[in-house]
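Engineer: here is a sequence with its predicted model. Questions after.
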Amino acid sequence: MSRSRKKVKKEEFEPHILVFCCNWCSYAGADLAGVSRFQYPPNIRIIRVMCSGRVDPSFVLKALKNGADGVLVSGCHIGDCHYITGNEYTQERFERLHNILIKQLGVDPKRVRLEWVSASEGKRFAEVITEFTNQIKELGPFRHYKSIEDNS
Ligand code: FES
């Protein structure tokens with residue numbers, strides 16, 4: 001996802017967004033969105049993981065450091081995780097990650113989001129991606145990668 005960091009006019013800005021989807025719910029939800037032809041912006045690249053709990057916070061920081069303007073982690077709804085409590089760990093980690101982003105790195109926490117999307121929520125997946133993409137467009141290109149580099 002590495003790319004040139006040259007200045008881009010806000011109206012021309014097309015964000016690069018990385019989405020981690022758990023295999024059992026969110027990835028199936030993304031698939032359903034595609035099969036159902038629900039439209040959403042083409043700004044995302046999906047990485048499928050077996051459970052949202054597999055997403056180490058360092059993956060998120062590495063994505064931002066390497067050119068992502070936003071990162072979304074998506075998994076099963078609480079109580080539906082196929083590994084019982086994987087998404088509960090994800091939620092706890094995310095709270096800690098947000099504290100790190102705000103307090104230590106000065107990154108706008110709106111660039112990193114956690115959403116639960118089930119396999120039957122293709123429409124919701126498309127809505128989440130559309131809304132998050134618009135939010136990242138509002139924020140503009142991510143330029144604080146240097147603070148992440150300095151702290152890693
Ligand atoms: S299997 Fe989906 S969040 Fe754990």
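Structural biologist: Received it, and whenever you're ready, just let me know what you need. Residues are numbered from 1 along each chain as shown.
Engineer: quick one, what contacts Y89?
Structural biologist: G53 (CB atoms under 8 Å, 6 or more residues apart in numbering). (Each C-beta comes from the backbone N, C-alpha and C, glycine too.)
Engineer: skip ahead from the helix or strand hosting it and say which helix or strand is next.
Structural biologist: According to DSSP states H and E, Y89 maps onto helix 86-99. Per DSSP H and E, the first helix or strand lying C-terminal to helix 86-99 is strand 112-116.
Engineer: mind giving me the packing neighbours of that following strand?
Structural biologist: strand 70-75, helix 86-99, helix 122-139 (3 or more CB pairs under 8 Å, 6 or more residues apart in numbering; DSSP states H and E).
Engineer: how about low-confidence regions in this protein?
Structural biologist: 1-11, 146-152 (pLDDT under 70).
Engineer: geometric centre of it: which residue is closest?
Structural biologist: Nearest to the mean C-alpha position of the chain, by CA atoms, centre = their mean, lies L72 at 1.1 Å.
Engineer: just the element for the closest residue to it other than its chain neighbours, please.
Structural biologist: Leaving aside its sequence neighbours, L72 sits nearest to V19 (CB to CB, 6 or more residues apart in numbering; 4.6 Å). V19 is located in strand 17-22, with elements delineated by DSSP H and E.
Engineer: check L64 too.
Structural biologist: With secondary structure defined by DSSP H and E, L64 is part of helix 57-65.
Engineer: in that helix, what's buried?
Structural biologist: P57, V60, L61, K62, A63, L64, K65 (16 or more other CB atoms under 10 Å).
Engineer: export those to TSV and tack on distance to A28?
Structural biologist: Compiled in TSV, the buried residues of helix 57-65 are given as follows (distance: CB to CB, whole Å):
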residue	distance to A28
P57	24
V60	22
L61	27
K62	26
A63	22
L64	27
K65	30
